[in-house]
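In: Let's see this in three dimensions:
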Amino acid sequence: QVQLVESGGGLVQAGGSRRLSCAASGTIFSINDMTWYRQGPGKQRELVARMIDGGSTSYADSVKGRFTISRDNAKNTVYLQMNSLNPEDTGVYYCNVEVRDSRTWALRTYWGQGTQVTVSS
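Out: Numbers count the residues shown, from 1 in each chain. Below you'll find the model as predicted:
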């Protein structure tokens, strides 16, 4: 089994910064893609940033130049550095991680529990 624990959410003023973390633990052989999603009030969940196993990244147009995704393979952790936040960035942020299970060799994706980010104007 694999568990994801997210942290870093909270209340921040517009223009401020926040860093989210998502730590994976359990029967992990390797981690492939690591992705951050968010769901704003009354909105559908959307992809915010993705980093694939080779290190390539992609971002939603709305966060390009402001958000940066990174990973620490030694800690099985993915980060989302968010700068120049605005109220439209408010929402619950979820990490999604594709894991090769060391016990079953199965490839599965897991979701974090979500962390609330609220940006005040």
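
In: Give me the below-cutoff pLDDT ranges for this protein.
Out: For the chain, no stretch is flagged by pLDDT under 70.

In: just the strands in it please.
Out: Applying DSSP state E to the chain gives strands spanning 2-7, 10-13, 18-26, 28-39, 46-51, 57-59, 67-72, 77-82, 91-101, 107-111, 115-120.

In: so what secondary structure elements neighbour the fifth one?
Out: Think strand 46-51. With contacts taken as 3 or more CB pairs under 8 Å, 6 or more residues apart in numbering; DSSP states H and E, strand 46-51 sits against strand 28-39, strand 57-59, strand 67-72, strand 77-82. All C-beta spots, glycine's among them, are computed from the backbone N, C-alpha and C.

In: Next up, the contacts around the closest residue to Glu98 other than its chain neighbours.
Out: What sits nearest to Glu98 in space, not counting adjacent residues and going by CB to CB, 6 or more residues apart in numbering, is Asn32, at 4.2 Å. Residues in contact with Asn32 (CB atoms under 8 Å, 6 or more residues apart in numbering) are 52-53, 98-100, 107.

In: same deal with Leu47?
Out: Leu47 makes contacts with 35-37, 60, as judged by CB under 8 Å, 6+ apart.

In: Just give me the closest of those residues to Tyr79.
Out: Trp36 (9.1 Å; CB to CB).

In: So for stretch 36-47, what gets flagged as buried?
Out: 36-38 (16 or more other CB atoms under 10 Å).

In: if we can go back for a sec, buried deepest among the strands of the chain, which one?
Out: Most buried of these, by mean neighbour count (mean count of other CB atoms under 10 Å): strand 77-82, with a mean of 23.
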